[in-house]
Every structure is written in structure tokens, then in C-alpha cells.
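S.K.: Model the following, please.
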Amino acid sequence: MKRLLTLVALAATLTASAQVKVVKLWDNASAPHSNEDAGPQKEKNGNLYNTVDTELFIYPAAPDKATGQAVVVCPGGGYRFVSMPREGHEVGEWLSAEGITVVALKYRLPNGHCQVPLEDAEAALRYIRDHAAEYGVDPSRVGIMGFSAGGHLAAHYSTAYDCSEVRALFPDSKPVQASILCYPVITADPAWAHLGSFDALTGKTERTPEEIQKFSCEKLVTDHTPPAFLWHTAADGGVPVMNSLLYAQALAAHRIPFELHVYPEGEHGLATSDARTLDKVLPEHEYVHAWLDCAKKWLHITLKQA
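M.R.: Numbering: from 1, shown residues only. Purely as a prediction, here's the structure:
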């Protein structure tokens, strides 16, 4: 009931707020590729299923704290739903209050069409850069953030923005300057993968060695991959902490700056790890909540240097 009341209150805030701008980028008919989901979009406990269009919820930076920085936020949901309230809107409210413009991305779920979420992430980044002056953003200081499967989308874009599929549609695609990955899905290696995410992404339950390579973000890191902030819990029973460790190891091998926090306790999907996104806040959740302040400071420093 508490979660429901929170979602209702958040919906009312979004409706009443003149600051939050909603932009519809495209749908399956107008986008470069369709996820071939006939819809209609469904909502359950705030989570969105059968997403057939792409929307941006833009939270402008608080004027008295504006930094000129922006972040595209990709909520999680195992590529089967989009967790907009907990990992999109709440994050937008938090970071925009700290002077960072947030683009909370409602992306089209892949439904087996793996290029679709990547297209939507590129389009969101392109939008905020193209409209930088409108939002007081420096287009050279834009990052990406993702939670769980949204973390895979963020890491995949960070490492594959110049892959052939993206370049074919967006020849001038540009790298992000920073990525924040929250309990991310990283590897497609069956030993550590969150298999359900890759089943939804690829539309099949088994993948070839070539596909495992293609979707394992730790295998795509290069000397040009942007710096990253990662956090995870060692007790995560949904997405093993090895996902974050593998990505951090790959970054270290290429001498890419990163910050990694592994908290000993806490379940998967904690989001802000406080009363905004949890029905019951336990002591271990209060400890994990520290990631917000750490990430904010890291982002300010990293994008300031971009």
C-alpha cells in the first residue's frame, strides 16, 4: 500500500509540475527498427510492459545549482518491463535537485530485437545534445546511467556506441563522457549472466559464442571507454556481483578510471535504497543509500573534467 501511495503521489507530482517535460521521440512505426510488439502498453505497480514508443521525461537542473551537466537514465526491468517510477522518475527528482539535468528514458523493450533499446539510448543522447541550449547543458558533458538491465543498456552504449549497427543509423554517434552503473547486468557469460535479460534481449534461450562476445560489455571495453562509477551488493541474488567486478577489471586492464562500491548486504533492485523506493528500510539499506552522495560527487568531478 505504501508503494502504491508513493506511485500515486509521484504521478500527481509529474502531472502538476511544469518543470518536467515529456518528449515523445518515436514509436514502432517511425523508429528505424520496430520491436514488433503490437501493444498496447500495460502498467503494473508503476512498471511498464509492452512499450511500443520512446518517451523522454526531462528534469531540468535546479537553477541555483545548475552545473551544465546532463545524464540519460535507463531504468531496469530485465528487458521485460521498464521500472520508470523507482529507477527513472525518483532518480530524476534526486539528480536534478543536485544541479544535473536528467533525461529519464522510457525505452522500447527489445522483444528479441536487440538493436531497439540501443537505438533509443542513442536518440535520447542525441536529443539532449541537440537541445543543450534550451536546458542549459554543455553537450560535451553528458553521461549515462542505468540500473540492472538498464545498466546493461548504459554499459553497452558506453562500449558499443560506434558499433556497425549504431553507425549504420547514426554515422556521427558520439561517446558519453561518463557512465554510472547500478547493480548492472554486464556479462552474457552463462556462468554469471542474468539469463532472463539476455533471453528477452535476443529472443532466444541459447546464444552462440559470437553472441556472448557481442553482448558481454566487459569484453567490449577499449582504451576509449568512458570512466565509470559502479555499485552492487555482494548479496545480490538477482544479478551476481561478478557482473560489476568483471566490468571494473576490464576498465582497469585498459587503465580507464573507475570507482567501485560493493556493499555486503542488500537485495537486488534497491534503487535509491531509502523510503522513496522501498516499502521497508532496513539498516543494510541505510548503509547502501550512501551510493547516492558518492555517485553525485563522482559525476560532478568526472563531467567537470570532460
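
S.K.: per-residue confidence averaged over stretch 295-306?
M.R.: Average pLDDT, stretch 295-306: 90.

S.K.: Quick check: buried residues in that stretch?
M.R.: 295, 296, 298, 299, 302, 303 (16 or more other Cβ atoms under 10 Å). (C-beta placed from N, C-alpha, C; glycine too.)

S.K.: Nearest to residue 243 among the residues you listed?
M.R.: residue 295 (17.4 Å; Cβ to Cβ).

S.K.: which other residues reach the helix or strand harbouring the closest one?
M.R.: Element membership of residue 295 [criterion: DSSP states H and E] is helix 291-304. Residues outside helix 291-304 that contact it (Cβ atoms under 8 Å, 6 or more residues apart in numbering) are 67, 69, 71, 94-95, 98-100, 141-143, 177-178, 180, 182, 227, 229, 231, 257, 259, 261, 263, 272-273.

S.K.: Can I get the buried ones among those residues as something I can paste into PyMOL?
M.R.: Buried members of those, defined by 16+ other Cβ under 10 Å, are picked up in PyMOL with:
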select buried, resi 67+69+71+94+95+98+99+100+141+142+143+177+178+180+182+227+229+231+259+261+263+272+273
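
S.K.: Restricted to helices, list the contacts of helix 291-304.
M.R.: 94, 95 (DSSP state H).

S.K.: re earlier: include distance to residue 282 when you put the buried residues of stretch 295-306 into TSV, please.
M.R.: Below are those laid out as TSV (distance: Cβ to Cβ, whole Å):
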residue	distance to residue 282
295	21
296	23
298	25
299	27
302	31
303	33
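
S.K.: What is the neighbour count of residue 254?
M.R.: 11 (other Cβ atoms under 10 Å).

S.K.: now the residue nearest the centre of the chain: how far from residue 287?
M.R.: Centroid check for the chain by Cα atoms, centre = their mean gives residue 146 as the closest residue, at 2.1 Å. Distance check for residue 146 against residue 287: by Cβ to Cβ, to the nearest Å, it reads 22 Å.

S.K.: Next: residue 137.
M.R.: 33 Å.

S.K.: Quick check: beta-bridge partners of the residue nearest to the centre of the chain?
M.R.: For residue 146, the beta-bridge partners are residue 74, residue 181 (DSSP bridges).

S.K.: contacting residues for it?
M.R.: Per Cβ under 8 Å, 6+ apart, neighbours of residue 146: 73-76, 152-155, 179-182, 184.

S.K.: hmm, 10 Å instead?
M.R.: 72-76, 87, 105, 121, 152-158, 179-185 (Cβ atoms under 10 Å, 6 or more residues apart in numbering).

S.K.: Now do the nearest residue to residue 119 once chain neighbours are set aside: how many residues are near it, please.
M.R.: Once flanking residues are discounted, residue 119 sits nearest to residue 32: 5.7 Å by Cβ to Cβ, 6 or more residues apart in numbering. Residue 32 has 14 neighbours, counted by other Cβ under 10 Å.

S.K.: how near is residue 32 to residue 115?
M.R.: 8 Å.

S.K.: And residue 286, by the same measure?
M.R.: 40 Å.

S.K.: in the chain, which spans are helices?
M.R.: So, for the chain - with DSSP H - the helices run 2-16, 84, 90-97, 115-130, 132-135, 149-160, 164-169, 195-202, 209-215, 242-253, 283-288, 291-304.

S.K.: For my notes, please list those in a markdown table and give distance to residue 50 for each entry.
M.R.: Shown next, in a markdown table, are the helices of the chain (distance: least, Cβ to Cβ, whole Å):
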| stretch | distance to residue 50 |
| --- | --- |
| helix 2-16 | 19 |
| helix 84 | 14 |
| helix 90-97 | 23 |
| helix 115-130 | 13 |
| helix 132-135 | 30 |
| helix 149-160 | 16 |
| helix 164-169 | 23 |
| helix 195-202 | 12 |
| helix 209-215 | 23 |
| helix 242-253 | 27 |
| helix 283-288 | 31 |
| helix 291-304 | 31 |
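
S.K.: Out of those, which gets nearest to residue 59?
M.R.: helix 90-97 (3.7 Å).

S.K.: can you tell me how far the closest residue to residue 107 other than its chain neighbours sits from residue 137?
M.R.: Counting by Cβ to Cβ, 6+ apart, residue 107 lies nearest to residue 120, which is 4.0 Å off, once chain neighbours are set aside. As defined by Cβ to Cβ, residue 120 lies at a distance of 19 Å from residue 137.

S.K.: Repeat that for residue 39.
M.R.: Distance from residue 39 to residue 137, counting by Cβ to Cβ: 32 Å.

S.K.: next one: residue 288
M.R.: 30 Å.

S.K.: Then residue 191?
M.R.: 40 Å.

S.K.: Give me whichever of the helices of the chain is most buried.
M.R.: For the helices of the chain, ranked by mean neighbour count under the definition mean count of other Cβ atoms under 10 Å, the leader is helix 149-160 at a mean of 28.
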